[in-house]
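A.B. asks: Need the 3D shape of this:
(one chain, ligands or ions: 1)
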Amino acid sequence: PHIRGDSQQALLLLGPEFDWAELLNWNGSGMSVMEMSHRSKAFMSIITDAEQKLRQLLSIPDNYKVMFLQGGATAQFSAVPLNLTSHGETVDQLVTGSWSKKAAQEAEKYGLKVNVACKGDNKSVPARDSWKLSSDATYVHYCDNETIQGVEFHTAPDVGDALLVADMSSNFCSKKVDVSKFGLIYAGAQKNIGPAGVVVVIVREDLMGKARDICPVTMDYETMKDSLYNTPPCWSIYMCSLMFDFLLEQGGLEAREQLNQKKADILYSIVDSSNDFYAAPVHESVRSRMNVPFIIPSKPELEKEFVAEAAKLGMTELKGHRSVGGMRASIYNSMPIEGVENLAAFMKDFADKHS
Ligand code: PLP
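C.D. replies: Predicted structure coming up:
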């Protein structure tokens with residue numbers, strides 16, 4: 001198993017035992033899901049099934065809608081303010097890395113008072129008592145896992161009675177989540193649950209039906225509530241459904257969380273026991289289980305060699321995001337523990353050779 005890049009990993013989980021013929025002939029229908037009308041009985045059963053399985057995985061309460069939409073998580077940076085606010089209101093944003101910063105910048109476009117309630121240093125989350133939450137914020141938006149920096153909330157932030165909105169694009173279905181704590185959760189599929197092209201939105205029903213007049217129809221949660229107002233990303237939804245099957249078969253999200261924790265621990269412990277050859281810039285309390293950034297602080301010139309040597313062994317895409325440098329191992333749901341162990345062994349050898 002190879003360490004792979006940032007995206008499009010989920011399909012690896014389908015593995016060799018998957019019946020690939022099914023992709024061209026769904027359920028004996030003679031059709032691939034790619035060929036079906038989205039209003040056909042067959043596709044209706046696929047999307048209903050996908051939703052039911054996701055509800056089961058996350059124990060989603062009945063008063064939440066689940067939508068499979070397009071436009072990626074980025075479209076939700078706009079859809080959230082357009083659905084939940086009218087002009088002039090205050091929204092709070094916790095900024096802990098690149099994605100929550102982008103979400104805050106997008107919200108600025110909609111005539112809101114955007115209050116950055118806390119601003120991290122890309123390595124930690126500011127102490128809770130330093131946050132400047134507004135008393136009248138319509139919602140508090142944050143990013144549960146900052147993909148680029150590797151900063152992850154291990155428990156949902158405490159925002160009192162305020163309405164919590166979460167971007168879970170890069171750790172969705174990687175762990176158990178108490179959905180009832182949130183007003184809205186959104187997540188692009190492509191890290192942990194399927195191919196790009198679909199973003200899952202889970203929204204409490206009382207927040208629907210309040211979109212602004214100017215909200216594009218494809219972003220209006222009330223109109224889109226059945227995910228079938230226009231043609232949905234049928235194929236991507238089907239692939240997500242297969243991933244939900246896989247996750248359920250493997251023991252659900254509790255089991256997945258334990259495995260993901262174990263995987264991350266393997267890498268962080270190599271870093272921590274390397275006599276300072278490697279360093280993980282992120283504070284231990286918010287180290288991501290999905291994206292593990294690390295550097296070679298005393299010999300940064302070796303980082304290029306590290307990436308090149310690892311690639312020769314089939315471990316590619318380890319270069320850190322261009323905005324932060326260093327290395328980053330993205331170890332989403334689809335990365336088996338053996339892949340992580342391979343990387344750990346290589347890291348140890350590399351450190352021994354160059355120390
Ligand atoms: N939010 C997070 C945490 C992400 O990791 C990403 C993409 O990597 C996005 C938002 C943007 O997602 P998309 O490319 O689906 O618009």
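
A.B. asks: residues in contact with the worst-scoring helix or strand of the chain on mean pLDDT?
C.D. replies: Sorting the helices and strands of the chain by mean pLDDT, DSSP states H and E puts helix 234-249 at the bottom, at a mean of 93. Residues outside helix 234-249 that contact it (CB atoms under 8 Å, 6 or more residues apart in numbering): 10-11, 13-14, 18, 26, 33-34, 36, 38, 43, 46-47, 49-50, 53-54, 56-57, 68, 173, 189, 192-198, 200, 227, 253, 256, 333. Bear in mind the C-beta positions are built from the backbone N, C-alpha and C, glycine included.

A.B. asks: buried residues in it?
C.D. replies: Buried residues in helix 234-249, defined by neighbour count with 16 or more other CB atoms under 10 Å: 234-244, 246-247.

A.B. asks: Check stretch 299-318 too.
C.D. replies: Of the residues in stretch 299-318, L302, E303, F306, V307, E309, A310, M315, E317, L318 count as buried by neighbour count, 16+ other CB under 10 Å.

A.B. asks: From the ligand, how far out is the fifth one?
C.D. replies: What it means is E309. Applying CB to the nearest ligand atom, to the nearest Å, the value for E309 to the ligand is 27 Å.

A.B. asks: R256 contacts Q250, correct?
C.D. replies: Yes. If you go by CB atoms under 8 Å, R256 and Q250 touch, sitting 6.7 Å apart.

A.B. asks: Quick check on the two: which one has the bigger neighbour count.
C.D. replies: R256 (20 against 13; other CB atoms under 10 Å).

A.B. asks: And the contacts of the helix or strand harbouring the more buried one?
C.D. replies: Assigned by DSSP states H and E, R256 belongs to helix 252-272. For helix 252-272, the external contacting residues (CB under 8 Å, 6+ apart) are 56-58, 173-177, 247, 250, 278-280, 287-290, 292, 294, 329, 331, 333, 335, 337, 340-341, 343-344, 347-348.

A.B. asks: one more time with 6 Å, if that's ok
C.D. replies: 57, 174-176, 247, 278, 280, 289, 292, 294, 329, 331, 337, 340, 344, 347 (CB atoms under 6 Å, 6 or more residues apart in numbering).

A.B. asks: do stretch 168-175 as well
C.D. replies: 73, 144-145, 147, 185, 187-188, 191-193, 257, 260, 290, 333.
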